[in-house]
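Peer 1: Give the three-dimensional model of this entry:
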Amino acid sequence: MTWILSNKIAQRIIVLHQGEKLAEGSVTEVQNNSKVVEVYLGREKIDIAAA
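Peer 2: Next up is the predicted model:
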């Protein structure tokens, strides 16, 4: 799965899960947030470039 996030779209992002704020921050901060990765991509963060 590819992240569809860009600094060109927004400076800060808020991620919601089941109506609650899960994370807030820059694109890089959200992409590297372990809770966001687990909830939306599963337990393991997969490096697509290495695959």
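Peer 1: distance of the spatially most central residue of the chain from residue 7?
Peer 2: Here the mean C-alpha position of the chain is nearest to the C-alpha of residue 31 (Cα atoms, centre = their mean), at a distance of 3.6 Å. In this structure, residue 31 lies at 11 Å from residue 7, with Cβ to Cβ, to the nearest Å as the measure. (C-beta placed from N, C-alpha, C; glycine too.)
Peer 1: what's the answer for residue 15, then?
Peer 2: Residue 15 sits 16 Å away from residue 7, taking Cβ to Cβ as the criterion.
Peer 1: Comparing the two, which residue is more hemmed in?
Peer 2: A side-by-side neighbour count of residue 15 and residue 7, using other Cβ atoms under 10 Å, places residue 15 first with 17 against 10.
Peer 1: Can you tell me how far that one is from residue 25?
Peer 2: Counting by Cβ to Cβ, the gap between residue 15 and residue 25 amounts to 9 Å.
Peer 1: a helix runs through residue 10, doesn't it?
Peer 2: No: using DSSP: H, G, I helix; E, B strand; the rest coil, the assignment for residue 10 is coil, not a helix.
Peer 1: what number of residues lie near the closest residue to it other than its chain neighbours?
Peer 2: Taking Cβ to Cβ, 6 or more residues apart in numbering, and ignoring the residues beside it in sequence, residue 10 has residue 27 as its nearest neighbour in space, at 7.6 Å. When neighbours are defined as other Cβ under 10 Å, residue 27 has 17 of them.
Peer 1: What of residue 34?
Peer 2: Using other Cβ under 10 Å, residue 34 is surrounded by 10 other residues.
Peer 1: anything in contact with each of residue 15 and residue 25?
Peer 2: Applying Cβ atoms under 8 Å, 6 or more residues apart in numbering, one finds that residue 15 and residue 25 are jointly contacted by residue 33.
Peer 1: now the strands: where do they sit in this protein?
Peer 2: Along the chain, counting by DSSP state E, strands occupy 13-17, 20-25.
Peer 1: Tabulate these in a markdown table, adding columns for distance to residue 40 and mean pLDDT.
Peer 2: As requested, the strands of the chain are arranged in a markdown table below (distance: least, Cβ to Cβ, whole Å; pLDDT from 0 to 100):
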| stretch | distance to residue 40 | mean pLDDT |
| --- | --- | --- |
| strand 13-17 | 8 | 92 |
| strand 20-25 | 9 | 94 |
